[in-house]
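[1] how does the following fold in three dimensions:
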Amino acid sequence: MNDQNKNLILATALSFLVILVWFVLFPPEEPAVDPNAPVAAVTQTAPAAAVPGAAAPAAAAEPVPETARIAVDTPRLVGSIALTGGRLDDLSLRDYRQTTAADSDIVRLLRPMGGANAYYAVYGWAPGGALADGDVPGPNTVWSVAQGDTLAPGKPVVLEWANGKGLTFRRTIAVDRDFMFTITQSVTNTGTEAVRLAPYGQVARHGLPPDLQKFFISHEGTIQMVDGRLTEMDYKDIQDAAVSATEGVPMVSVDAASTGWLGFGDKYWMTMLVPSSGTAFKAVQKYFPARDVWQTETRMATVSVAPGETASVDSRLFAGAKEWALLQHYENNPGFVQRLFGAKVDPAMQPVQGLVDAIDWGWFFFLTKPIFTVLHWLHAVIGNMGIAIIALTFLLKALVLPLAYKSYVSMARMKELQPEMEALKERVGDDRQKMQQEMMKLYRDKKVNPAAGCLPILLQIPIFFSLYKVIFVTIELRHAPFFGVFQDLSSPDPTSLFNLFGLLPWAAPAHGTMLAMVFIGVLPILLGITMWLQQKLNPAPADPVQAQVFAWMPWVFMFILGGFASGLVVYWITNNLITFTQQYAIMRSHGHRPDIFGNIKASVKRKPKAEPAKTPDKARKK
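    Below you'll find the predicted structure:
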């Protein structure tokens, strides 16, 4: 391998190293929480009253402000709807907990007004024509329950309010067994004159999310898919746009949409307004700087309701986890793998176009999507996400084996050319230009590509980052167990040298601290060892600087990747072992048996110190 090829490999490896060091030196910011932050008060137009037959919200993470409520109780959701404003503002996810502990609180998605980090969905009508704000239900309107005492699958509830001027408003709320609500708004005109008003839906968020990570690899903020076009804006983008804007002026607006959805997306959760397909609507994103309130809206067209008539409009609300298979289901478009197992399109189901893209697949979606699809299928077959990652590594290595084979063959041939290369160096001396010409001629004659050895590294980098993205953003990897103490493949290795991997009676350092970075776990150590063994398939480079860099690289990577998700480290260890086996077998098949133990001995053998050069005076004395 010539010097240019070595330099190319070195430059690639060092570039990769710089990126990883960046993650360590500039980690995502932790949001500062002000415990003394003021909390907005709620004004009620009527005293709170208990709804007859309404059950109390079960297993809620926090108490909710006092107001009349109706319970939400489904196999996957628990919470309540506030009759003041008719807001869906108290919702928790039964299947997900804050931590891996069995007694940890379940994840709370929506929170009521009057408490910290209020986050809720509300529907209503905007007045038009001669109607005033008080003629339509508002944020402080107290609704009555016309039907139902608990919202559950197959058991919708109906809320009702009359304005005393001939208009009666009804809101029918239904929910499926997962995370999709259906809201039907209607208004009946018993007056003597026609009225004009426009239905809308809103999702509002007071302040930034308490668990906002501000990490560029995962989008958190507003997401909208309008007529097939996906738009993502983080909170900082909307704030910057609001600096020179008047409070309440839309930051982003699409006026003539016919299909799509809009709302807030967190790393694993989202709350999305989904107008009925074919219903024209306006998609709006707002930020109110004075109140620090973020808001997304879908505004439907104004309708005219004649005396004695009723107008109604349907829409949906997704509030839950960004589960890939479930989003595919709501798209009514199962993927190729699902079709292999008999999944079919339901002709009666109204699809939600592009909902699966609410998951942040990133710029390399053409890699992350298929990688996750295969990983999801493997997990369904195997039942263990750690083993599924190992199986995925084998499949990826098999996929790139033809290119890797050519690379390893070329590296083996380069070894065979070493004697001729040494003879060439002696023949041409210090004439670099002549050396380059003779080397290129030798490569052409022997049909060897000196750059082929870089292919495994170049192939590995995009796959590594795509898998890193998949492990970081998909909820299927969140709290995914492997074995033993490895109960969350999306978090770093929980073991530590600090307590000899649990043998000593004290806790390991907390992740993100300097101690945790120094006292790494067992998986990063295995990673360093496998990288080191892989290096020993070849002798150290003749250049002492390159030799030192390559000698330290496995141990540097060991500490850097120690803070990464353990699932990613499992992949890297498996990849190293497969690469080691492939390269060893291919090199042996071409007559070059790697001297692993000899290379190890050579790397630890101390070189004799060179004697100092004798000065002319000392030479004369002798």
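
[2] surely residue 143 and residue 173 touch.
    No - contact criterion C-beta atoms under 8 Å: residue 143 and residue 173 do not qualify, at 10.8 Å. (C-beta placed from N, C-alpha, C; glycine too.)

[3] residues shared between the contacts of the two?
    residue 159 (C-beta atoms under 8 Å, 6 or more residues apart in numbering).

[4] what number of residues lie near residue 500?
    Counted with other C-beta atoms under 10 Å, residues neighbouring residue 500 total 10.

[5] from residue 597, how far out is it?
    According to C-beta to C-beta, to the nearest Å, residue 500 and residue 597 sit 29 Å apart.

[6] mind giving me the domain ranges of this protein?
    Listed domain ranges for the chain are 69-322, 365-604 (source: automatic domain parsing).

[7] quick one: closest of those to residue 357.
    domain 69-322 (5.4 Å; C-beta to C-beta).

[8] mind checking how far the closest one is from the chain centre?
    24 Å (C-alpha atoms, centre = their mean, to the nearest Å).

[9] can you show me the helices along the stretch 401-550 of the chain?
    401-416, 418-428, 432-446, 455-473, 514-518, 522-535, 544-560 (DSSP state H, counting those that start in this stretch).

[10] in the shortest one, what's buried?
    I take that to be helix 514-518. Neighbour-count burial for helix 514-518 flags 516, 517 (criterion: 16 or more other C-beta atoms under 10 Å).

[11] quick one: average pLDDT of it?
    In this model, helix 514-518 has a mean pLDDT of 79.

[12] repeat for the first one
    Averaging pLDDT along helix 401-416 yields 71.

[13] contacting residues for the closest residue to residue 425 other than its chain neighbours?
    In this structure, residue 425 finds its nearest non-sequential neighbour in residue 435, 7.0 Å apart by C-beta to C-beta, 6 or more residues apart in numbering. Residues in contact with residue 435 (C-beta under 8 Å, 6+ apart) are 424, 425, 428.

[14] neighbour count added to those residues, as JSON lines?
    Formatted as JSON lines, the contacts of residue 435 follow (neighbours: other C-beta atoms under 10 Å):
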{"residue": "424", "neighbour count": "16"}
{"residue": "425", "neighbour count": "13"}
{"residue": "428", "neighbour count": "16"}
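
[15] would a markdown table of those residues with pLDDT and distance to residue 400 be doable?
    Converted to a markdown table, those look like this (pLDDT from 0 to 100; distance: C-beta to C-beta, whole Å):
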| residue | pLDDT | distance to residue 400 |
| --- | --- | --- |
| 424 | 74 | 33 |
| 425 | 73 | 34 |
| 428 | 74 | 37 |
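
[16] closest one to residue 332 out of those, please.
    residue 424 (66.2 Å).

[17] what residues are up against the closest one?
    Contacts of residue 424 by C-beta under 8 Å, 6+ apart are 435, 438, 439, 442.

[18] try residue 126
    Contacts of residue 126 by C-beta under 8 Å, 6+ apart are 136, 197, 198, 199, 200, 299, 302.

[19] highest neighbour count among the residues you listed?
    residue 199 (26 neighbours).

[20] the helix or strand containing it: partners in the sheet, and parallel or antiparallel?
    Here residue 199 sits within strand 195-206, counting by DSSP states H and E. Counting by DSSP bridges, the strands paired with strand 195-206 are strand 119-128 (antiparallel), strand 293-300 (antiparallel), strand 303-305 (antiparallel).

[21] now tabulate the ones you listed in JSON lines and tack on mean pLDDT and distance to residue 220.
    Formatted as JSON lines, the strands paired with strand 195-206 follow (pLDDT from 0 to 100; distance: least, C-beta to C-beta, whole Å):
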{"stretch": "strand 119-128", "mean pLDDT": "94", "distance to residue 220": "13"}
{"stretch": "strand 293-300", "mean pLDDT": "92", "distance to residue 220": "12"}
{"stretch": "strand 303-305", "mean pLDDT": "93", "distance to residue 220": "35"}
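
[22] quick one: which of the ones you listed is nearest residue 384?
    Of all the strands paired with strand 195-206, strand 119-128 sits nearest to residue 384, with 34.6 Å by C-beta to C-beta.

[23] what's the most distant pair in the contacts of residue 126?
    136 and 299 (13.9 Å).

[24] and residue 547, what's its pLDDT?
    Turning to residue 547, the model gives it a pLDDT of 68.

[25] ok, the one 5 residues further on next?
    Note on residue 552: pLDDT of 81.

[26] what do you get for residue 615?
    What the model reports for residue 615 is a pLDDT of 53.

[27] before we move on, which element is residue 96 in?
    Per DSSP H and E: strand 87-97 holds residue 96.

[28] adjacent strands (with direction) for the very next helix or strand once past that strand?
    Under the assignment DSSP H and E, the closest C-terminal helix or strand after strand 87-97 is strand 106-110. Strand pairing for strand 106-110, using DSSP bridges, gives strand 87-97 (antiparallel).

[29] what number of residues lie near the spatially closest residue to residue 84 that is not a sequence neighbour?
    Closest residue in space to residue 84, ignoring its immediate chain neighbours: residue 67 at 4.8 Å, by C-beta to C-beta, 6+ apart. Residue 67: 22 surrounding residues under other C-beta under 10 Å.

[30] in contact with the closest residue to residue 321 other than its chain neighbours, which residues?
    Residue nearest to residue 321 in three dimensions, not counting chain neighbours: residue 475, with 5.3 Å by C-beta to C-beta, 6+ apart. Each residue near residue 475 by C-beta under 8 Å, 6+ apart is listed here: 96, 268, 321, 322, 323.

[31] kindly report the same for residue 481.
    384, 385, 386, 487, 488, 489.

[32] look at the first one and report its pLDDT.
    The pLDDT attached to residue 384 in the predicted structure is 96.

[33] can you get me a residue count around it?
    Residues near residue 384, counting by other C-beta under 10 Å: 16.

[34] nearest spatial neighbour of it, skipping sequence neighbours?
    residue 482 (6.9 Å).

[35] for the one you found, phi and psi?
    Torsion angles at residue 482 (phi, psi; degrees, to the nearest 10) stand at phi -110, psi -80.

[36] could you check how far it is from residue 383?
    12 Å.

[37] between these two, point out the one with more neighbours.
    Neighbours were counted for residue 482 and for residue 383 using other C-beta under 10 Å; residue 482 has more, 20 against 9.

[38] tell me who's in contact with the more buried one.
    Residue 482 touches 384, 385, 386, 387, 489, 566, 567, 570, counting by C-beta under 8 Å, 6+ apart.

[39] repeat that for residue 296.
    Taking C-beta under 8 Å, 6+ apart, one finds 202, 203, 222, 224, 262, 263, 264, 273, 283, 284, 285, 286 in contact with residue 296.

[40] repeat that for residue 77.
    Counted by C-beta under 8 Å, 6+ apart, residue 77 has contacts 91, 92, 93, 94, 175, 179, 319, 320.

[41] mind checking which of those residues are buried?
    Here, 16+ other C-beta under 10 Å leaves 91, 92, 93, 175, 179, 319, 320 buried among these.

[42] what's the closest of the residues you listed to residue 118?
    Lowest distance from residue 118 to those (C-beta to C-beta) belongs to residue 91, with 12.5 Å.

[43] hey, what's that closest one bridged with?
    residue 79, residue 110.

[44] how close does it sit to residue 225?
    Using C-beta to C-beta, residue 91 is found at 22 Å from residue 225.
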